[in-house]
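Turn this into a model:
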Amino acid sequence: MKMDQISTGISIQVSLSGYSFKLYNDGKVSSSGWLGADRIFNTPELQKRYDEVEISLLTPKVALVPVHFFDPSSARLMLGEVVSLRDADAVEYVEVPSLGAVLIYSNSMDESLSRAVSQIVRTSSGDTVRVLPEMYYILKELSDGAEYNKILASYADGYLHLAVAQGKSLLLANVFEAADFTTAEYFIFMVLKKLQLNPELTTIRFRTPLESEQEMSLYRYFKSVESV
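Below is the predicted model of the structure:
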């Protein structure tokens, strides 16, 4: 169920440097912007219960595999082929039914904020929810978008999480190491050029909060810039 179709919901994104959240209340949406980790125990919105709770971690350790190629016993091997894994890193996976794929990931990032948030913020029935990678929610929202050319991204802590689709066809889902937002833009335009997409005819949507300078920079090239 989409967040805007429920009475109350919260979507929380956690990074190494902090977190942000969006509140959904009877079709109305409000956003917190980036907050420091020290705020989680005195932020009133995190002390409530919601009909729907989503918690994502912006982990760069992800790999998308077609479901017919996926073998649970080989999940660590598959992920290790595309990202650097430590011996102690826990590897998990989650299905993405809309794409007929499985997202393999590791949330092992030497952080405890996501686990703390998952214990504090609960559903109306008192249940905790699973912390999933940011890429999972990017792919989920990408499938819900109405436009033919769809670009959805998140940026934090030196990583750009990016997915591009045309219609129901996924063209790209990747995480790029980008030390600053200018470098993140470089990767965005590199991908658009490779996929032959015209930014002047395209809307780019960000799940993470954008600073005003970042938003204005994107507006110089894209038809529209949206926060989702």
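
the domain parsing of this structure - what is it?
Domain assignment for the chain by automatic domain parsing gives 3-58+110-129, 62-105, 136-227.

Mind putting the ones you listed into JSON lines with mean neighbour count and mean pLDDT?
Heads up, the C-betas are built off the backbone N, CA and C, glycines and all. Output for the domains of the chain, formatted as JSON lines (neighbours: other CB atoms under 10 Å; pLDDT from 0 to 100):
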{"stretch": "domain 3-58+110-129", "mean neighbour count": "16", "mean pLDDT": "92"}
{"stretch": "domain 62-105", "mean neighbour count": "15", "mean pLDDT": "97"}
{"stretch": "domain 136-227", "mean neighbour count": "17", "mean pLDDT": "94"}
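
I'd say residue 96 and residue 104 touch.
No. Residue 96 is beyond contact range of residue 104, at 10.9 Å (criterion: CB atoms under 8 Å).

Overlap of the contact sets of these two?
residue 64 (CB atoms under 8 Å, 6 or more residues apart in numbering).

give the contact list for the residue nearest the centre of the chain.
For the chain, the residue nearest the mean C-alpha position is residue 134 (2.8 Å; CA atoms, centre = their mean). Residue 134 sits next to 13, 56, 57, 58, 59, 154, 161, 207 when contact means CB under 8 Å, 6+ apart.

these two touch, right, residue 148 and residue 168?
No. Using CB under 8 Å, residue 148 makes no contact with residue 168, being 9.8 Å away.

Now do the helices in this protein.
Per DSSP state H, the chain carries helices over the ranges 75-80, 113-120, 134-144, 181-195, 212-219.

Give me the contact list for the second one.
Helix 113-120 is contacted from outside by 12, 14, 18-19, 37, 40-41, 46-47, 55, 57, 107, 128-131, using CB under 8 Å, 6+ apart.

repeat that with 10 Å
12-19, 21, 36-37, 40-41, 43, 46-48, 53, 55-59, 107, 128-132 (CB atoms under 10 Å, 6 or more residues apart in numbering).

Equivalent analysis for the first one, please.
By CB under 10 Å, 6+ apart, the list of residues contacting helix 75-80 from outside reads 61-63, 65, 69-71, 74, 85, 89-93, 102-106.

From the residues you listed, which land in strands?
62, 63, 65, 92, 93, 102, 103, 104, 105 (DSSP state E).

could I get these as a markdown table with distance to residue 175?
Listed next are these as a markdown table, based on distance: CB to CB, whole Å:
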| residue | distance to residue 175 |
| --- | --- |
| 62 | 6 |
| 63 | 10 |
| 65 | 15 |
| 92 | 16 |
| 93 | 16 |
| 102 | 17 |
| 103 | 12 |
| 104 | 13 |
| 105 | 10 |
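
so which of those comes closest to residue 178?
Among the ones in strands among the contacts of helix 75-80, residue 62 lies closest to residue 178 (CB to CB), at 15.6 Å.

for that closest one, what are its contacts?
79, 82-83, 93, 103-106, 133-136, 138-139, 161, 173-175.

same question, residue 109
14, 15, 16, 57, 58, 59, 60, 61, 89, 157.
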